[in-house]
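Undergrad: Give me the fold of what follows.
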Amino acid sequence: MKRADKLNSKKTWRKIGFKRRFRYYYFRLMRLKGHPRELALGTTFGIFAGMLPIIPFHMIVAVALSFFFKASKITAIAGTWICNPITIYHIYKYCYIIGSFVLGFDHKIMLIGPVSDAINNGEYFRAVSAILNGGGLVVAAFLLGGVILGIIFAIPSYFGSLYFFKIFISWRKSKNLPTIWKNLSIL
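TA: Numbering: from 1, shown residues only. Just a heads-up that it's a prediction; the model follows:
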């Protein structure tokens, strides 16, 4: 079995300590290739897709957008993590409130209660089924609110991540890191 295959197996990842895993991802970040525009655009698509209330499909949508617009797929996947177990309740809550406001109906319908209970218990598929059982108007409110939130967060994230990646790439070039990597063994 090759070394790369061993590293990808789940059993090996459990044995690797936190410090070693952090070091692995640090070197993966240092080796990130691409133009700053491509990397920033990938992050933007990831954040946009992360704001959409489509729980199991965030990464698929982000990678599809990145593929279509020739952006970085890795940073798109990383950007989807804006929607995580800590932030998902607030994202879905404001998706529903904004979407129902735009569509012109009362957002105080007690639909958000079962959805938030399912999210708090970690039952994301039950949350999706609660949204779908709410009817077409509720689904439209969630999706429209997600698109609006996605645009609100994606546009500034593009400029922020573009600035970050320009500085990061210039810093990486000034350090002449590729010659250092040849001498280091990451695992």
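Undergrad: Let's verify Ala71: helix, strand, or coil?
TA: coil (DSSP: H, G, I helix; E, B strand; the rest coil).
Undergrad: Near it, how many other residues are there?
TA: Ala71 has 25 neighbours, counted by other Cβ atoms under 10 Å. Where C-beta positions appear, they are placed from N, C-alpha and C, glycine not excepted.
Undergrad: same deal with Gly17?
TA: 8.
Undergrad: And Phe27, by the same measure?
TA: 14.
Undergrad: Now it: which helix or strand?
TA: Per DSSP states H and E, Phe27 falls inside helix 18-30.
Undergrad: By mean pLDDT, point me to the weakest helix or strand of the protein.
TA: Least confident helix or strand, the chain: helix 177-183 with a mean of 50, by mean pLDDT, DSSP states H and E.
Undergrad: show me what contacts the spatially most central residue of the chain?
TA: Centroid-nearest residue in the chain: Thr80, 0.9 Å away (criterion: Cα atoms, centre = their mean). Neighbouring residues of Thr80 by Cβ atoms under 8 Å, 6 or more residues apart in numbering: Gly46, Ile47, Ala49, Gly50, His58, Met59, Ala62.
Undergrad: do Val128 as well
TA: Here Val128 is in contact with Ile55, Pro56 (Cβ under 8 Å, 6+ apart).
Undergrad: Could you report the separation of it from Trp171?
TA: 41 Å (Cβ to Cβ, to the nearest Å).
Undergrad: average pLDDT across the helix or strand hosting Lys93?
TA: Using DSSP H and E, the element containing Lys93 is helix 88-103. Averaging the model's pLDDT scores along helix 88-103 yields 86.
Undergrad: Which strands or helices does that helix pack on?
TA: Secondary-structure packing of helix 88-103 (3 or more Cβ pairs under 8 Å, 6 or more residues apart in numbering; DSSP states H and E): helix 36-51, helix 112-120, helix 136-175.
Undergrad: same thing but 10 Å
TA: On a contact count with 3 or more Cβ pairs under 10 Å, 6 or more residues apart in numbering; DSSP states H and E, helix 88-103 meets helix 36-51, helix 112-120, helix 124-133, helix 136-175.
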